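**Q** Next input, structure requested:
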Amino acid sequence: MPLFILGLAMVGQLGRHYKHCPWFTVGRLGGMLGEYGGVSDRQYGKMGCDANERAMKFLGDFMTESVEVLEKLANQQEPPVRRRELEKIRDAFEDPKSDKEALRGQLAGMVTAFEGRGDVGEWDLEILDRIDQCFEEHFTSEGTAESWVFMPDDDRNLGRYAKYCGEVDRILLTYSDAVPKYARDYFAFYSIWEVQGYAFPMPLGTSKVVSVLAQLLERYQPGVIEVSCLLMKLM
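**A** Below is the predicted model:
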């Protein structure tokens, strides 16, 4: 199944959450599916398509990956490293003098465990909306992305991400009966963004995160740092 079609199929299970995206309309999706549905790879720069086409392919891939992450956070397998230790390792990664290879070695078991999947249907849509509000509170102003969002090595981005992670963990704790059993542990691992291969902290791909990415992709031509760093992750 082409990756983009797979993305639409997966998002369909969480449609009531992602419908909040201003760009997520039947007309837009129909056009994306009809024109780009045959695309099954992520070679954006080699396909001979224009900036808008690359943007739509990127959003489709990002939404696919976002739902996959929610599946991984719903994994029913007990993680080999638990939340408190993962948070210590996350803090250690922020120390420029820390031994990054040694820290990665401590996470080898988690890397394997994070390949497991759970049922995305276990996520209560109200919880996802609350997590979405955390992103909006810390990374946007009056519905528009802050200028430093998704910027690598920016102290404002790093500081807000730390607060965002704390708020998301609080939500997962407060509503523990309505979230997957090990969601806090797997989120703590996901939040160590250096291990996930991102060039900067990446919040969970909830509705408003997708909307912000759509804004950035419309605002900038491919190649600027906000877009190119994300493409580095997905290509």
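**Q** Do you know the pLDDT at Ser147?
**A** Note on Ser147: pLDDT of 87.
**Q** quick one: it from Gln215, how far?
**A** For Ser147, the distance to Gln215 equals 12 Å [Cβ to Cβ, to the nearest Å]. Just so you know, the C-beta spots here come from the backbone N, C-alpha and C atoms, and that holds for glycine as well.
**Q** distance between stretch 155-171 and the chain's centre?
**A** In terms of Cα atoms, centre = their mean, to the nearest Å, the centre of stretch 155-171 is found 14 Å from the chain centre.
**Q** List the buried residues in it.
**A** Buried residues in stretch 155-171, counted by 16 or more other Cβ atoms under 10 Å: 157-158, 160-162, 164-165, 167-169, 171.
**Q** What segments of the chain are helices?
**A** 3-12, 15-18, 26-36, 51-73, 83-93, 100-106, 108-113, 125-139, 155-174, 183-190, 193-196, 207-219, 225-234 (DSSP state H).
**Q** Those helices: which one's closest to Asp119?
**A** helix 51-73 (7.5 Å; Cβ to Cβ).
**Q** now for the closest one, which elements pack on it?
**A** Judged by 3 or more Cβ pairs under 8 Å, 6 or more residues apart in numbering; DSSP states H and E, the packing partners of helix 51-73 are helix 3-12, helix 26-36, helix 183-190, helix 207-219, helix 225-234.
**Q** rewinding a little: mind putting the buried residues of stretch 155-171 in JSON lines, pLDDT included?
**A** Shown next, in JSON lines, are these (pLDDT from 0 to 100):
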{"residue": "Asn157", "pLDDT": "94"}
{"residue": "Leu158", "pLDDT": "93"}
{"residue": "Arg160", "pLDDT": "96"}
{"residue": "Tyr161", "pLDDT": "96"}
{"residue": "Ala162", "pLDDT": "95"}
{"residue": "Tyr164", "pLDDT": "97"}
{"residue": "Cys165", "pLDDT": "97"}
{"residue": "Glu167", "pLDDT": "98"}
{"residue": "Val168", "pLDDT": "98"}
{"residue": "Asp169", "pLDDT": "98"}
{"residue": "Ile171", "pLDDT": "98"}
